[in-house]
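Enquirer: The sequence and its predicted three-dimensional model are supplied below.
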Amino acid sequence: MRSPEAPLHAPRATTSTGSAGPDTQDTARIGYEQELHRGVGSFSSFAAGFSFVSILTTVFQLFGLGFGLGGAAFFWAWPLVFGGQLLVALNFAQLAARWPISGAIFQWSSRLAGSRFGWFTGWTMIIGQTLTVAVAAIAVQAVLPAIWSGFQIVGGAGADPSLASATGAANAVVLGLVMLVVTTVVNITSVRLMARVTSFGVLIEIVGVVVLIGALFLLPHRSASVVFTSVGSSSTEPYVFAFLASSLMAAYVMVGFDSAGELAEETHNPRRTTPKTIVRALTVSGLGGGLLIIGALVAAPSLTNGKLATQGLAWVITSTLGEVAGRLLLCTVAVAVFACTLAVQTAGARMVFSMAREGALPFHRTLAKVSPRTGTPIAASIVVGVGAGLALAVNIGQSAIFTALSSLCIAMLYLAYLGVTGPLLVQRIRLRREGFPTGVDEDGKPLFTLGRWGIPLNALAVAFQIGMAVNLIWPRPEIYDLTGNSWWLQYSALLFIGGVLLVGWAWSSWRHRAHGPLTLAHVPTTAAVPTAVPAAAEA
């Protein structure tokens, strides 16, 4: 008799697919039945990753913080972080071609380092994604009050809308909770609706980015050489420390490109589509975001009056383009914020679903259910939405809510990514003679691969991730405790991550003792994973 905590789908690995399509047969060969509806095409797959990154959302959110800490030269954190994350994306693309499975980070880590290690990676990713949903939702505070003062509900139209103020932080929670209700409804309604809304949001965002960049460069107040100066920095520390703190902005923006992998079981021809969209989502975002930052620095009416640091890009747009045109462009930003929140919640729900169907989470039977009508994991979507709402509610009125949650959620995502690239590097070194197996197409031809560059590019990616994770977790008061009065806030990242890992260890240990080790399809329970199996065996 199967244990009540046993994986739901592993025993079905040999299910015949009959006349099912090639994508469904591919899922069965990996070890799972096709339950999620395949309603995601090539552009929608790209949109999932691009919306998670969402430069209009994230650059707007943290531009003021980055500029206030590092001045104009904070721009150089952008190409540095982009280069490091591109290394990560290339490695993820190869894994996406080999294992196109929902809950990609958890599944990849499990197949590289064993199911116990993969569980901790997935657990960290779930918490990080849930916090990211919360942070994405409160981005509306950086936009809506600038469009219409009536959106400043807490304190009224005359209250300070800045996220660093008590009224701004409280109002951000109110607007964010409303946003989460809407995105949750869309997420549980239909995967096709989610894909269409996300794709529409991406189209609006791309148009907005192009128009905004063009407008900013056509209305300059100074040359682009300003990026070689630290003008605007308010930090009293040695500049290197201010620069490292300002890199939170770039680090926060350029994550989530793996979302295309989370939707692999809902994507048509995922072995070909997903690797390309992972890299494209990051590359397009990197180019557009870099130009947007330079354009803002060039067009800002002033770099020294303090408004760029406190009001960010919204101030630049409305003061440079005028109230009417500026607010119209801010409307495109609001659409991008909605699409971003929706995309992040979708990715988080697929991670919860993927772990639940293995019996790897509490209440796994409910969380792993897929509605036959909508083709979506309804309970998983609701859990992520409620979790994000709780993260906002407990921080209402906290002036550091945005910077603290931003740095914390991204630090956890970097640690989860490291739970993939680290074991991948170990396996590449182990298999350096025969080469790490890659995915193949229906004719047995290899798909996306890094070839002989795999080990050096993987090693650089791991080094970058370790350094950035340490930088993000570092207990800086200007990130975690703006008032400087609470030591526990300053060290909240270390305390929270430690608590998350402790809770995860306690639950996973209990589960292991009560029901035995996790048994994912084709995945050993130890770290000695025989990854030298020919790729065609799974493809």
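Expert: Structure received.
Enquirer: Not counting sequence-adjacent ones, nearest residue to residue 122?
Expert: Excluding the flanking residues, the one nearest residue 122 by CB to CB, 6 or more residues apart in numbering is residue 106, at 2.9 Å. Where C-beta positions appear, they are placed from N, C-alpha and C, glycine not excepted.
Enquirer: Against which helices or strands is whichever strand or helix holds the one you found packed?
Expert: If you go by DSSP states H and E, residue 106 is part of helix 104-113. With contacts taken as 3 or more CB pairs under 8 Å, 6 or more residues apart in numbering; DSSP states H and E, helix 104-113 sits against helix 77-98, helix 115-137, helix 259-262, helix 323-356, helix 401-430.
Enquirer: what's near enough to touch the residue nearest to residue 122?
Expert: Contacts of residue 106 were listed using CB atoms under 8 Å, 6 or more residues apart in numbering, and they are 118-119, 121-122, 125, 351, 354-355.
Enquirer: Student question: in the chain, what's the helix or strand with minimum average pLDDT?
Expert: When each helix and strand of the chain is scored by mean pLDDT, DSSP states H and E, helix 22-30 comes last, with a mean of 63.
Enquirer: where does the protein have low pLDDT?
Expert: Within the chain, the segments meeting pLDDT under 70 span 1-32, 34-39, 163-164, 397-402, 441-444, 482-484, 521-539.
Enquirer: does the residue most central in space within it count as helix, strand or coil?
Expert: The geometric centre of the chain, computed from its C-alpha atoms, lies nearest to residue 256 (CA atoms, centre = their mean), at 2.9 Å. For residue 256, the assignment made with DSSP: H, G, I helix; E, B strand; the rest coil gives coil.
Enquirer: I'd say it and residue 346 touch.
Expert: No. Using CB atoms under 8 Å, residue 256 makes no contact with residue 346, being 10.8 Å away.
Enquirer: follow-up on the earlier one: wait, which of the helices and strands packed on helix 104-113 is closest to residue 516?
Expert: Nearest of those to residue 516, taken as CB to CB: helix 115-137 at 11.0 Å.
Enquirer: Who are the packing partners of the helix or strand just after the closest one?
Expert: Per DSSP H and E, the first helix or strand lying C-terminal to helix 115-137 is helix 144-147. Judged by 3+ CB pairs under 8 Å, 6+ apart, helix 144-147 is in contact with helix 307-321, helix 323-356.
Enquirer: quick one, which of these is packed in tightest?
Expert: Of all these, helix 323-356 has the most neighbours on average by mean count of other CB atoms under 10 Å, namely a mean of 25.
Enquirer: if we can go back for a sec, adding distance to residue 44 as columns, could you present the helices and strands packed on helix 104-113 in JSON lines?
Expert: As requested, the helices and strands packed on helix 104-113 are exported to JSON lines (distance: least, CB to CB, whole Å):
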{"stretch": "helix 77-98", "distance to residue 44": "15"}
{"stretch": "helix 115-137", "distance to residue 44": "19"}
{"stretch": "helix 259-262", "distance to residue 44": "9"}
{"stretch": "helix 323-356", "distance to residue 44": "10"}
{"stretch": "helix 401-430", "distance to residue 44": "22"}
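Enquirer: Pipe the contacts of residue 106 into a markdown table and attach distance to residue 511 per row.
Expert: Shown next, in a markdown table, are the contacts of residue 106 (distance: CB to CB, whole Å):
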| residue | distance to residue 511 |
| --- | --- |
| 118 | 14 |
| 119 | 9 |
| 121 | 16 |
| 122 | 13 |
| 125 | 18 |
| 351 | 18 |
| 354 | 17 |
| 355 | 12 |
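Enquirer: from the residues you listed, which is closest to residue 404?
Expert: Using CB to CB, residue 125 is the member of these that lies nearest residue 404, at 19.5 Å.
Enquirer: give the contact list for the closest one.
Expert: The contact partners of residue 125, by CB under 8 Å, 6+ apart, come to 105-106, 351, 412-413, 416, 419.
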